[in-house]
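[1] Sequence below, structure please.
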Amino acid sequence: MAESKYFRFIVRFGSMLLASVAALFVIVYVLPWVLPFILAIITARLLEPAILYMKNRYGIRRGFTAAACTIIFIVLLIAFITLLLSGLISKLVDIAQILPRYLSSLPGIADRFQERLQNIISSASPEMRGFIEAGVNSLLNRINSLPAIISEKLLSFITTCAGCMPRVIMFVLTYAVGTFFISSTYQTVVGFFVKQFPERLQGKVKQMRSDMFGTLGNWLRSELILSGVTFSFLLVCFLILGIKSALTSALIIAAVDSLPILGTGTILIPWAILLFIDGNYSRGAVIIVVWGIACLLRSFLEPKILGNRVGLHPAAALFAIYSGFNLLGVAGMILFPLILIILKQFNDNGYIKLWK
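    Just a heads-up that it's a prediction; the model follows:
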């Protein structure tokens, strides 16, 4: 009996290991090739209610309705992404131009810091004095070269983004055309994939597909609600503060906030630090307060909105985010939690049995 339990454990562990290796292979090597078509299928599913409504309500042919809905959706999506990227690139260019002025006071601050340290160093023992002086000199050299390094990194990032435009355009075109083709014959495409499974499993496959899209829909709606709240709050604060390009700034920060781990502090904290360095202490303090309220607002709403709709434990989500970041970078931080959410849904509904 004990040997049978060990054998079942080894078989289950080996199956999970093989499945993990296969999934990793698909994500790393296959996903980049099929990603526009996966997004096209998801978009077609999102557009399906509108297409059916127009077809049943007004008798418009499916092909025409699919084309109209696809064009409207893609135009709105491109307009949103263009606004976001143009605003981001414009902000980065502005930062690259004004950063040397903001950081020009760093050498003076470093000199005053060095003067204060000299009193401490002079009272240290001869053995420790050389060690401390070497560390302080290395730190001061890094501070003095920081403006040039940051400006160079920003310009390099902008150049890299410009060089990726041909691939981005090809991706968007493939995604748009694929969305139209799949939307115009959505039921046929879905039926083709379902028929590839044995007849006894087709009903379960349809239910799994429904559950998966339902889970993804709940996650997407939750993220849109949270991002909308963050965007609205930041926009109101920036308008009150009279910040230039308040709409674009709020949109960029809300988009960054929607990414796992990063949050609003990724932009607001460095912004406040630059204001402090420039001597604008009141504005820097206000930005810190805005960041604190935004964090509290999201921390209060996220468990109620995301937890109730998705039901994923925070520790499990953190593990998925960390694993995804180590394997695929920022894309993995988004992809792995989604995969874990879908696996949890399948496990809870009894389609698969990965854990109890």
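[2] what's the neighbour count on residue 251?
    Residues near residue 251, counting by other Cβ atoms under 10 Å, number 20. C-beta here means a position set from N, CA and C on the backbone, and glycine is covered the same way.
[3] what packs against the helix or strand hosting it?
    Under the criterion of DSSP states H and E, residue 251 resides in helix 246-257. Packed against helix 246-257 by the contact rule (3 or more Cβ pairs under 8 Å, 6 or more residues apart in numbering; DSSP states H and E) you find helix 62-102, helix 199-241, helix 265-277.
[4] Out of the ones you listed, which is the most enclosed?
    Here the criterion is mean neighbour count by mean count of other Cβ atoms under 10 Å, and of the helices and strands packed on helix 246-257 the winner is helix 265-277, at a mean of 17.
[5] and the angle from that one to helix 62-102?
    Interaxial angle, helix 265-277 versus helix 62-102 (axes from the mean of the first three to the mean of the last three Cα atoms, to 10 degrees): 30 degrees.
[6] helices or strands up against helix 265-277?
    With contacts defined as 3+ Cβ pairs under 8 Å, 6+ apart, the secondary structure elements packing on helix 265-277 are helix 62-102, helix 246-257, helix 281-302.
[7] Any idea which of the ones you listed gets closest to residue 182?
    Nearest to residue 182 among the helices and strands packed on helix 265-277 is helix 62-102 (8.7 Å), distances taken as Cβ to Cβ.
[8] Just name whatever secondary elements the closest one is in contact with.
    Using 3+ Cβ pairs under 8 Å, 6+ apart: helix 62-102 touches helix 31-58, helix 126-163, helix 165-184, helix 246-257, helix 265-277.
[9] Pick out the shakiest of these, pLDDT-wise.
    Per-stretch mean pLDDT for the helices and strands packed on helix 62-102 is lowest at helix 126-163 (a mean of 65).
[10] residues near residue 287, how many?
    Neighbour count of residue 287, defined by other Cβ under 10 Å: 25.
[11] ok, back up a step: can I get the helices and strands packed on helix 265-277 in CSV with distance to residue 333?
    Below are the helices and strands packed on helix 265-277 laid out as CSV (distance: least, Cβ to Cβ, whole Å):
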stretch, distance to residue 333
helix 62-102, 18
helix 246-257, 12
helix 281-302, 16
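[12] Just tell me which of the ones you listed ends up closest to residue 180.
    Nearest to residue 180, of all the helices and strands packed on helix 265-277, is helix 62-102, at 4.4 Å by Cβ to Cβ.
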